[in-house]
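[1] here is a sequence with its predicted model. Questions after.
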Amino acid sequence: MSRATRVSVVLSLLTTVAIAMLAVPGFAGKRVGDAGIPKNYVVSVPGEWGAAEDAAVAAAGGTVLFKHAGAGIATVMSASGDFASSLPGGMQAEEDIFVEWQKPVDVTEQVDASEEAATSGDETFVNLQWNIKAINAQAAWNATNLTGAGARVAIVDGGLYNTHIDLVGNVDVARSASFVPGFNYNQDTGTFWHATHVAGIVAAADNAIGTIGVAPGATLIGVKVLHNGSGSFGQVIAGILYAATSIADGGGGANIINMSLGARFPRGDGNTGAGRLVAALNKAVGYATGHGVLCVVSAGNDGVDADHNSSEIITPAQAGSAFCVSATGPVGYAVGYPNGATNFSRPASYTNFGNSLVNVAAPGGDFALPGNALCTVPRVPAGTVTTNCWVMDMVMSTVRGSGPSISTYSWTAGTSMAAPVVSGIAALLVQQNPGISVGDLKNTIGNSAQVVTTEGDPFYGKGFVDALAAVTAGAAPARQQVAQSGIDMARSLGGVATLPNPARTQARMHFNLPAAGQASLAVFDANGRRIRVLANGFLSAGDHSVAWDMKDELNRNVAPGLYFTTLNFGGQSTRGRVVVIP
């Protein structure tokens, strides 16, 4: 089977093996009313939508299907051929279209693994979750005890399988909703279910089974706007606005909206008639952002350089207030496990990129490893998983599975898998900082990201996200630079960075002095108690590196946890952070 058609590999806790071919129709660019009348429209007004707008729609021969007063947007059905032209001035109507927002899964290979009890606190497939390791999620949990509890993440996507064993306790069933006629929020087609995979990356439970999400305690809201990866603009817009509306006002009450979906259109109306639809979608994202909801979106998987693609727009990735995520992935993670590749911040072979598009990068996986050699990685607490090595460079998460299965997992790759990593980090920050603004969320995630080459690289934006750095950002950590051949410190003036971080037995603190002079560097615990003075005296200008052996002033090993470094020089001070692990 060629890799061109082999999209995802499903690992199940069941005991059957099957390879399923899925025949999937495409919908890209189809008018909602192509099969005949009546037709659907997206209608937008400059201010709020009210009784006058309802009356104008009715007078023009239309029926309102969905409306959002605050956003001034509605979806309308009409059998009148001149509906749009019959509306009064100021009301803009555009015939809705169906779009393939996500590429369908063409082939799914199911691989056996019998269910076994797992050691408490360890997920069955945690050794396969390189994406969790790459962003220092475990260290973030250990340092802060954050899980995302109380944060609400809307998965605006396809059907979400809420009874999956790793999701069942985290889905707000009462506030989940569908905007696809004829289907509930927890229905879709096939055995993959894109939304289910995305949801697991955000918030698969810490239950000693399967996988774990970046924010395993967050609440998920399933908002179905697609079926088999396709849906109309109106459905997506309605889903965004529903998710962004408070529970008190009948909405989903989300803090974060994850949209692992996207499409490219010619700029302006062109031959697609999509210009006003794109504008309405952008307006919905802007409404959500303006009402305190972070919209995290995927950059897309077409390898497009958005900075040099002036003829097209990528939506919703280029909606002005969205937070757009590109994808990275290793090549050879499982080769010679546990000594395989750790180039987790390498740009994925398919990701869209560009400074006009990307805010940050996150693990999305890749399938670029040559050949079809087999690799074996241990399960927890016993057993192994064996499949093609290149498969294990993709991202594993929850999927629908077959029949009554509630415990099936799959690898796949895409910017769709990178966006929910960022949504998970945002959920941790929402728990840590209740009421945090969208601007502060974006700044914290972006400013704590690791600089991979230079800040503003078109593949990375602000950099490669780091959960630990984000949740300890109050300590103003120095930015780190990750080189593909190794790790190198990006030295900002007066900044302090610790490598490795987290550290177990020894770490080095790197800093740069702008001039020669008296300087001191000390380590403090989370309560502000000084633990160790590492340097104190006259130091030359330039780069310095000081080792710490994880001992205090009395030569005793320090306890695992979060510590801070403070550099004093020239009447100023700056802080860094280091996490000591067992």
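    Perfect, I can see it now.
[2] quick one: the strands in the stretch 151-300 of the chain, in order.
    Per DSSP state E, counting those that start in this stretch, the stretch 151-300 of the chain carries strands over the ranges 152-157, 177-178, 219-224, 230-232, 256-259, 263-266, 294-298.
[3] kindly provide the distance from Arg175 to Asp549.
    51 Å (C-beta to C-beta, to the nearest Å). From N, CA and C alone the C-beta is placed, and that goes for glycine too.
[4] looking at these two, which one has more neighbours?
    Each of Arg175 and Asp549 has its neighbours counted (other C-beta atoms under 10 Å); Arg175 has more, 22 against 13.
[5] picking that back up, looking at the strands of the stretch 151-300 of the chain, which is closest to Ala279?
    Ranking the strands of the stretch 151-300 of the chain by proximity to Ala279 (C-beta to C-beta) places strand 263-266 first, at 11.1 Å.
[6] restricting to C-alpha, output that closest one in PDB.
    Presented in PDB, the C-alpha positions along strand 263-266 are these (Å, rounded to 0.1, in the frame of the first residue of the first chain):
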ATOM      1  CA  ALA A 263      -9.800  26.100   2.800                       C
ATOM      2  CA  ARG A 264      -8.200  28.300   0.100                       C
ATOM      3  CA  PHE A 265     -10.100  30.700  -2.000                       C
ATOM      4  CA  PRO A 266      -9.200  33.300  -4.700                       C
END
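[7] quick one on the thing from earlier: want to throw the strands of the stretch 151-300 of the chain into JSON lines with mean pLDDT?
    Shown next, in JSON lines, are the strands of the stretch 151-300 of the chain (pLDDT from 0 to 100):
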{"stretch": "strand 152-157", "mean pLDDT": "98"}
{"stretch": "strand 177-178", "mean pLDDT": "98"}
{"stretch": "strand 219-224", "mean pLDDT": "98"}
{"stretch": "strand 230-232", "mean pLDDT": "97"}
{"stretch": "strand 256-259", "mean pLDDT": "98"}
{"stretch": "strand 263-266", "mean pLDDT": "90"}
{"stretch": "strand 294-298", "mean pLDDT": "98"}
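[8] centre of the chain to the host helix or strand of Ser326, how far?
    Element membership of Ser326 [criterion: DSSP states H and E] is strand 323-328. Between the centre of strand 323-328 and the centre of its chain there are 8 Å (C-alpha atoms, centre = their mean, to the nearest Å).
[9] other SSEs contacting it?
    Where contact means 3 or more C-beta pairs under 8 Å, 6 or more residues apart in numbering; DSSP states H and E, strand 323-328 is packed against strand 294-298, strand 360-363, helix 415-432, helix 438-447.
[10] now these in JSON lines, with distance to Lys133?
    Formatted as JSON lines, these follow (distance: least, C-beta to C-beta, whole Å):
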{"stretch": "strand 294-298", "distance to Lys133": "21"}
{"stretch": "strand 360-363", "distance to Lys133": "9"}
{"stretch": "helix 415-432", "distance to Lys133": "12"}
{"stretch": "helix 438-447", "distance to Lys133": "18"}
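[11] I'd like to know which of those lies nearest to Asn131.
    Asn131 lies closest to strand 360-363 among the helices and strands packed on strand 323-328, at 3.6 Å (C-beta to C-beta).
[12] just the strands of the stretch 151-300 of the chain: most buried one?
    Counting by mean count of other C-beta atoms under 10 Å, strand 256-259 has the highest mean neighbour count of the strands of the stretch 151-300 of the chain, with a mean of 32.
[13] isn't Gly542 up against Ala515?
    No - judged on C-beta atoms under 8 Å, Gly542 makes no contact with Ala515 at a distance of 9.4 Å.
[14] please, where are all the strands along the stretch 1-150 of the chain?
    Taking DSSP E, counting those that start in this stretch as the test, the strands found in the stretch 1-150 of the chain are 8-12, 18-21, 30-31, 39-44, 62-68, 73-78, 92-95, 97-100, 107-111.
[15] and those, which one's lowest on average pLDDT?
    Among these, strand 18-21 carries the lowest mean pLDDT, at a mean of 20.
[16] need the contact list for Ala139.
    When contacts are counted by C-beta atoms under 8 Å, 6 or more residues apart in numbering, Ala139 touches Ala467, Leu468, Pro502, Val579, Ile581.
[17] just name the closest of those residues to Leu220, please.
    Nearest to Leu220 among the contacts of Ala139 is Ala467, at 18.2 Å by C-beta to C-beta.
[18] the closest one - nearest residue in space that isn't next to it in sequence?
    The shortest distance from Ala467 to any non-neighbouring residue, by C-beta to C-beta, 6 or more residues apart in numbering, is to Ala140 (4.0 Å).
[19] give me the neighbour count for that neighbour.
    Under the neighbour criterion other C-beta under 10 Å, Ala140 is assigned a count of 25.
[20] so who does it touch?
    For Ala140, the contacting residues are Leu146, Leu428, Ala467, Leu468, Ala470, Val471, Thr472, by C-beta under 8 Å, 6+ apart.
[21] first-to-last residue distance for stretch 317-334?
    This stretch, stretch 317-334, spans 32 Å end to end (C-alpha to C-alpha, to the nearest Å).
[22] ditto for stretch 41-49
    Separation of the first and last residues of stretch 41-49 by C-alpha to C-alpha is 15 Å.
[23] so where's the stretch 251-400 of the chain shaky on pLDDT?
    Counting by pLDDT under 70, the ranges of the stretch 251-400 of the chain that qualify are 268-273.
[24] tell me where it has helices.
    275-290 (DSSP state H, counting those that start in this stretch).
[25] same check on the stretch 1-150 of the chain?
    51-59, 83-86, 130-134, 137-144.
[26] what packs against the third one?
    Just to be clear, that refers to helix 130-134. Short answer (3+ C-beta pairs under 8 Å, 6+ apart): helix 130-134 packs on strand 360-363.
[27] only alpha carbons, please: show stretch 433-445 as CSV.
    Extracted in CSV, the C-alpha atoms of stretch 433-445 (Å, rounded to 0.1, in the frame of the first residue of the first chain):
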residue,chain,number,x,y,z
ASN,A,433,-5.4,32.7,35.2
PRO,A,434,-9.2,32.8,35.4
GLY,A,435,-10.5,35.7,33.2
ILE,A,436,-7.3,36.0,31.2
SER,A,437,-7.8,38.1,28.1
VAL,A,438,-7.4,36.7,24.6
GLY,A,439,-4.5,39.1,24.1
ASP,A,440,-2.7,37.8,27.2
LEU,A,441,-3.3,34.2,26.1
LYS,A,442,-1.7,34.9,22.7
ASN,A,443,1.2,36.9,24.2
THR,A,444,1.9,34.2,26.9
ILE,A,445,1.9,31.3,24.4
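[28] right, I'll call it a day here.
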